[in-house]
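K.L.:
predicted model follows, preceded by the sequence.
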Amino acid sequence: MKIIVAIKQVPERDARIRIDSSGRWIALDDIEFRMNESDAYALEEALLLKEAHGGEVIVLSAGPERVGQTIREALAKGADRGIHIASDSLASLDALGVARLMAAAIADEHADLILTGLQSDDLGLGQTGVILAELLGIPHSSLILKIEKTDSGLRLLRELEDGWFQHISLPTPALLTIQSGNTKLRYATLMGIKKAKTKELRTVDAASLGIDAQPGLLLDAVALPSRQKTTQMLPGTPAEAAAALVAKLQQEVRVL
Amino acid sequence: MSTVLVILEAKSGSPSRISLEALAAGAALATATGAQLAAAMVGPAAAMDSLGSLSAAIAIEHPLLDRYTADGYTAACAQLIARLQPDYVLFPHTYQVRDFAPRLATRLGRVLLSDVTAFSLDGNTVTFTRQLFQGKLNGHYHAAAPAPCLVSIQAGAFHAAPSAPTSIPVESFAPALEPSAIRTQPGEPFRAATQTVDLSSAPLIVSVGRGIKDEANIALVQELAQALGAELAASRPICDAGWLPMERQVGSSGQTVAPKLYLAVGISGAIQHLVGMKGSQCVVAINKDENAPIFEIADYGIVGDLFEVVPALTTAIRKAKG
């Protein structure tokens, strides 16, 4: 099976969020980046499928030069080669624009399966994968926990709301967005890290893909959210704060 | 006259609560933009009899839509939109909408504005707000493309209107669908296992998140829960990691709870978690990040290192209980 995994590089989860001088995004200096969490699960599923059935795992990512590190990390975990859509101005595109770049970059690959995480930890649009499926004219399913190869295609376990699940069958080629949590993520081994340096990482200039960059949606500004409730902060040392909270739980909340 | 179309989702045969919230958002948007409000739902006309004042109520009916598929719903909604030519199409932001609405938007050459929490009118431009970075930041967007503008509305962002008889007769709309156009075969929904922990009736809950860092540290919150006489719950990452069983998960993919006290330890408060617990009577949050979104809905907050605060709190509670 030839599998493409689309991964995104996002700011570290604990990164301190500061709005930049444009007021349209966060300040990126001093920020550490890492692989988007649900994309890491998509990569894991791809590697498991390859181990079980053979084939090739290709990692696809778009963004500035630093994205190369995240692709190398995926190669170190066991992906076979990488495609980097190089662009310093992805933020000027909407999800459709980014998916169009991806569709153009992988048009000649004719993959059996495309996997990606269900949503990014930064923008959280949760759409790029589904849009890509429509652009490529292939079926998709989202929020997938388990993938089983069958004679006619794939049998999937899909998460529904409130603790419900369902099985879905679909033919390949197909695109799936992966929900986190089904498997444990592997770490890159030293050997893997060494090998990754020699693996093919092809850089495609986004401008060469000939995509009309007119976005249909514009992010005009970002702002820190205002509080919905007045939170009473309990200051002091841990012992002082704990004592103050116990007093509140006894007198106000009346649960002690 | 322009139209705001709200596409509702049925749950057990009638519009789901979050669908009615999306309808309320649609009504507010229609009022603000001087548009008329239409509603549509896949299902029988009888299920749409209590939607209040509408310019059109449309039951989308076709045997191939009996079970949800992205292909079927995308094709059906695309045909309905072509017929009604709405300026805005609103959806509830559910797992099902997340599955097909991006595909529908792409087919129309548009991008879905997903998980919207609010909108405002600025001259002739409607600005929509949605959350970024798991709720740590708000983003303000506007649509630059021609109509229709597709928007999904976050659960709890708008209040559903009290139910009232639908003001006009419900029309039936039968889209043209071919079995061959539906490429996925969905199975019957099921629950994984019988749940042995019913968090929904627990009066006191101590809930733990990513901030606990390591499985070995779970004991810290276990002791706190024990001292308090509370059930132990967790956010998704903790259950994903296998540190606590899935049945203790609170949030959109887990249980919904409304205890008297919800004590959130090391939980940042991503929306997927908040929807499962924001009905709690009192929320206490312990987090090292003073900007964590959990503090937006907390009644009491302690900013600090949970590895110091939690043991101190356990000791203080034991002392108070004698």
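P.N.:
Right, received. Where do you want to start? Just so we're clear, the structure is a prediction, and the values are computed from it rather than from any experiment.

K.L.:
and the longest strand seen in chain A, what other elements does it pack with?
P.N.:
Longest strand of chain A, by residue count under DSSP state E: strand A:140-149. Secondary-structure packing of strand A:140-149 (3 or more CB pairs under 8 Å, 6 or more residues apart in numbering or on different chains; DSSP states H and E): helix A:37-53, helix A:128-136, strand A:154-159, strand A:164-170, strand A:174-178, helix B:70-84, helix B:95-107. Every residue, glycine included, has its C-beta placed from N, CA and C.

K.L.:
partner strands of it, parallel or antiparallel?
P.N.:
Partner strands and pairing direction for strand A:140-149 (DSSP bridges) are strand A:154-159 (antiparallel), strand A:174-178 (parallel).

K.L.:
ok, residues contacting that strand?
P.N.:
Strand A:140-149 has contacts (CB atoms under 8 Å, 6 or more residues apart in numbering or on different chains) with A:1, A:45, A:49, A:52-53, A:118, A:129-130, A:133-134, A:154-160, A:165, A:168, A:170, A:174-179, A:181-182, B:70, B:95, B:98-99, B:103, B:184.

K.L.:
pull out the buried members of those.
P.N.:
Restricting the contacts of strand A:140-149 to buried positions leaves A:1, A:45, A:49, A:118, A:129-130, A:133-134, A:154-160, A:165, A:168, A:170, A:174-179, A:181-182, B:70, B:95, B:98-99, B:103, B:184, with burial counted as 16 or more other CB atoms under 10 Å in any protein chain shown.

K.L.:
how about the contacts made by residue 133?
P.N.:
Looking at chain A here, since you left the chain open. A:Ala133 neighbours (CB under 8 Å, 6+ apart): A:Ile114, A:Pro139, A:His140, A:Ala174, A:Leu175, B:Arg103.

K.L.:
meant chain B actually
P.N.:
If you count contacts by CB under 8 Å, 6+ apart, B:Phe133 has them with A:Pro11, A:Ile17, A:Ile26, A:Asp121, A:Asp122, A:Gly124.

K.L.:
if you set the cut-off to 6 Å instead, what comes out?
P.N.:
With contact set as CB atoms under 6 Å, 6 or more residues apart in numbering or on different chains, B:Phe133 has these partners: A:Ile17, A:Asp122.

K.L.:
what of A:Leu219?
P.N.:
A:Leu219 is in contact with B:Gly139, B:Tyr141, counting by CB under 6 Å, 6+ apart.

K.L.:
just the pLDDT for it.
P.N.:
The per-residue pLDDT reported for A:Leu219 equals 95.

K.L.:
that one: what secondary structure?
P.N.:
Following DSSP: H, G, I helix; E, B strand; the rest coil, the label given to A:Leu219 is strand.

K.L.:
which residues touch stretch B:66-78?
P.N.:
Stretch B:66-78 is contacted by residues B:60, B:64-65, B:96, B:99-100, B:103-104, B:107, B:175, B:177, B:181-184, B:186 when judged by CB under 6 Å, 6+ apart.

K.L.:
so which of those are also by chain A?
P.N.:
By CB under 6 Å from any CB of the partner chain, the members of those lying near chain A are B:Asp99, B:Arg103, B:Arg183, B:Thr184, B:Pro186.

K.L.:
distance of the fourth one relative to B:Ala292?
P.N.:
B:Thr184 sits 38 Å away from B:Ala292, taking CB to CB, to the nearest Å as the criterion.

K.L.:
ditto for A:Leu185
P.N.:
Distance, A:Leu185 to B:Ala292, using CB to CB: 24 Å.

K.L.:
of these two, who's got more company?
P.N.:
The neighbour count for A:Leu185 versus B:Ala292, taken as other CB atoms under 10 Å in any protein chain shown, is higher for B:Ala292 (25 against 15).
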